[in-house]
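>>> Sharing a model prediction with you, sequence too.
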2 protein chains.
Amino acid sequence: MKITTYASVSVILALLATPLLADDPLPSWNDGPAKQSIIAFVEKVTHPGSPDFVPVPERIATFDNDGTLWAEQPMYFQAFFIFDRIKALAPSHPEWATQEPYASVLKGDMKGALAGGEPALVELAMATHAGMTSEEFDQIVIAWITTARHPMTKRLYTGMVYQPMLELLAYLRANGFKTFIVSGGGIEFMRPWSERVYGIPPEQVVGSSIKTKFELRDGVPVLVRLPGINFIDDKAGKPVGIQMHIGRRPVMAFGNSDGDLQMLQWTAAGKGPRFCLYIHHTDAVREWAYDRQSHIGRLDQGLDEAAVKGWTVVDMKNDWRTVFPPVQP
Amino acid sequence: MKITTYASVSVILALLATPLLADDPLPSWNDGPAKQSIIAFVEKVTHPGSPDFVPVPERIATFDNDGTLWAEQPMYFQAFFIFDRIKALAPSHPEWATQEPYASVLKGDMKGALAGGEPALVELAMATHAGMTSEEFDQIVIAWITTARHPMTKRLYTGMVYQPMLELLAYLRANGFKTFIVSGGGIEFMRPWSERVYGIPPEQVVGSSIKTKFELRDGVPVLVRLPGINFIDDKAGKPVGIQMHIGRRPVMAFGNSDGDLQMLQWTAAGKGPRFCLYIHHTDAVREWAYDRQSHIGRLDQGLDEAAVKGWTVVDMKNDWRTVFPPVQP
């Protein structure tokens, strides 16, 4: 009889405990100041009657992509896409065999290919992102992203997203936030998979873009991608892109580099409650450790400003229980 | 007893009839082919199991603004805004007294002001839309739109919206559609009031724009509006604007002029079910009657293409029971 009673108590305790555990919206985050600051902010802006209450239509949250939602080392993944596309297109461009930066790409000499700096990368981007319709580009990206693997982890790149950030996106949406990507990456490079990977639909993706032109081809309307830059959504471009696409100042903003600093400044300067967060890459074992000196995703000025302004800084090593999702088969 | 029975029957009939009447989602539309085509399309794309079923995230509906959601005669309302702003700014610009097109505006000579054609209008637009921060412009628009009245009807301009279209917007949203404005008008001119008037939030407004620049003024981040055109969201620009902002082809598109033709072509050319609708201004008594010869909102090529392609054409005079909402005090 006594055993039965204990068993019943255990069952009851288990039943009580299960919903409590299941209620943790951020299970991949260790309990600590970063997680606590997120939850405290969301609770105060969503609690009806709170002096900090923010109506649902104004709950805008913006996220950088590279280094904030997925890994960006050893190189922005879009660069791998560009290199792979150059190789795929080379048979139609015999002149590339001797012409830089193409020749270096074809020889597999990435350092040589990028020796020309940003102009060389822009040229490579134009050669691979323009000259087809928007729908053709969409198909190319889809075909590539579903097979491309990270050079070091050999994971599908869509498996290089951060599990804690997926939970954060879901948590914010469950609390009435509209989640946007605001990335220096190409807007049409991210849209074909952002909905499937992040739950963010194409109309909530802001990014860099090339020019496009509408025309009728044999009576069929197409949007043709042209080899000219339309907009660079980085640094001071991010608040401009936010205003252009969203038209409302974010209430929460998330980034990881100095390229996100102006987005965080613009967010923080709004009236009423605002929340800014930097992800600090501190985990050399499970991911990469880099900040002030990094060529990719440098976080220098932003780290200082975060300290002065009291923004949340995620110490990846200590704040994240898990970094990447379980490996998909 | 008999009377009571009849009364009960009436009550029952009334109870039965009320929900039926209340269920009409488009009470300001007369029963006719336009209304029937809208409802038939929405029912087939939202009915689970239908071969034409469209998942909720893909239910994108785009609406032109001038002449489609509100009246555009005798002149685009944004032009009145420009003229009023020129008058308000004139004390700081003594040189405008003798300089065209400003001098004509200040003398109230609208014909003279517009004699210079599009370049003159662009110059006036730049003088009134640039040179302030995005938030300052927002405040100027709000202050003006809440007092500006239509020159002929003397209604507040926000009362010059079409009641049948307000019902249509609500009906589509109730059926899982995301409603967007895609207008040749200024994106930042529409956003401050589009949510209140149409229920369309700023992030679902696509329009023409001038350039903006992010800067820190005494440490305070601002977006400064610059006197240069960034994008013209008209004619062949509309599909480009749709791709840039939405990244997904509309399932339904609504316009009233040849300026909307490419948006309708782009929509109609998508795979699967698509719906295109032109509003034909045929009501000289309750609104205005104009089409092929009109300077504002010309509908010529579009009327021919609608006939060939079987798009829905709303005959405003016969299809709309009501044109404008009840007058607000």
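Looks like it came in fine. Because the structure is predicted, anything quoted here is derived from the model rather than measured.
>>> So what's the residue count around residue A:239?
Around residue A:239 there are 30 other residues, counting by other CB atoms under 10 Å in any protein chain shown. The way it works is simple: take the backbone N, C-alpha and C, and place the C-beta from them, glycine included.
>>> and what of residue A:315?
So residue A:315, with other CB under 10 Å, has 16 neighbours.
>>> Low-confidence stretches in the stretch 201-329 of chain A?
A:328-329 (pLDDT under 70).
>>> that's a helix at residue A:298, yeah?
No. Looking at residue A:298 with DSSP: H, G, I helix; E, B strand; the rest coil, it is coil, so not inside a helix.
>>> my guess is it meets residue A:260, correct?
No. Contact criterion CB atoms under 8 Å: residue A:298 and residue A:260 do not qualify, at 10.9 Å.
>>> if I pick the nearest residue to residue A:320 once chain neighbours are set aside, what's in contact with it?
In this structure, residue A:320 finds its nearest non-sequential neighbour in residue A:164, 5.0 Å apart by CB to CB, 6 or more residues apart in numbering or on different chains. Counting by CB atoms under 8 Å, 6 or more residues apart in numbering or on different chains, residue A:164 makes contact with A:26, A:28, A:29, A:319, A:320, A:321, A:322, A:323.
>>> List only those of those residues flagged as buried.
A:26, A:28, A:29, A:319, A:320, A:323 (16 or more other CB atoms under 10 Å in any protein chain shown).
>>> Show the contacting residues for the first one.
Translated: residue A:26. A:35, A:38, A:39, A:164, A:167, A:168, A:171.
>>> So which of the residues you listed belong to helices?
In helices, defined here by DSSP state H, the members of the contacts of residue A:26 are A:35, A:38, A:39, A:164, A:167, A:168, A:171.
>>> you'd agree the second one is up against residue A:276?
I take that to be residue A:38. No. At 11.4 Å, residue A:38 does not count as touching residue A:276 under the criterion of CB under 8 Å.
>>> So those two - more neighbours on which side?
Higher neighbour count among residue A:38 and residue A:276: residue A:276, with 25 against 22, using other CB under 10 Å.
>>> my guess is residue A:181 contacts residue A:199, does it?
No. Using CB under 8 Å as the test, residue A:181 is too far from residue A:199 to be in contact (10.9 Å).
>>> Residue A:150: neighbour count?
Counted with other CB under 10 Å, residues neighbouring residue A:150 total 18.
>>> so it makes contact with residue A:160?
Yes. Shown here, residue A:150 and residue A:160 form a contact pair, counting by CB under 8 Å, at 5.3 Å.
>>> Near chain B, which residues of the stretch 51-200 of chain A are found?
Counting by CB under 8 Å from any CB of the partner chain, the positions of the stretch 51-200 of chain A adjacent to chain B are A:57, A:60, A:134, A:178, A:187, A:188, A:191, A:195.
>>> who touches the residue in the stretch 51-200 of chain A that chain B sits nearest to in this structure?
Using CB to the nearest CB, the closest approach of the stretch 51-200 of chain A to chain B is made by residue A:191 at 4.7 Å. By CB under 8 Å, 6+ apart, the contact set of residue A:191 is A:138, A:202, A:205, B:247.
>>> ok, so what distance separates the nearest residue in space to the first one that is not next to it in sequence from residue A:206?
To tie it back to what came earlier, the one meant is residue A:138. Spatially, and ignoring its direct neighbours in sequence, residue A:138 is nearest to residue A:192 (5.2 Å; CB to CB, 6+ apart). Applying CB to CB, to the nearest Å, the value for residue A:192 to residue A:206 is 15 Å.
>>> Comparing these two, which shows the higher neighbour count?
Set residue A:192 next to residue A:206 and count neighbours by other CB under 10 Å: residue A:206 wins out with 27 against 22.
>>> May I have the secondary structure class of that one?
strand.
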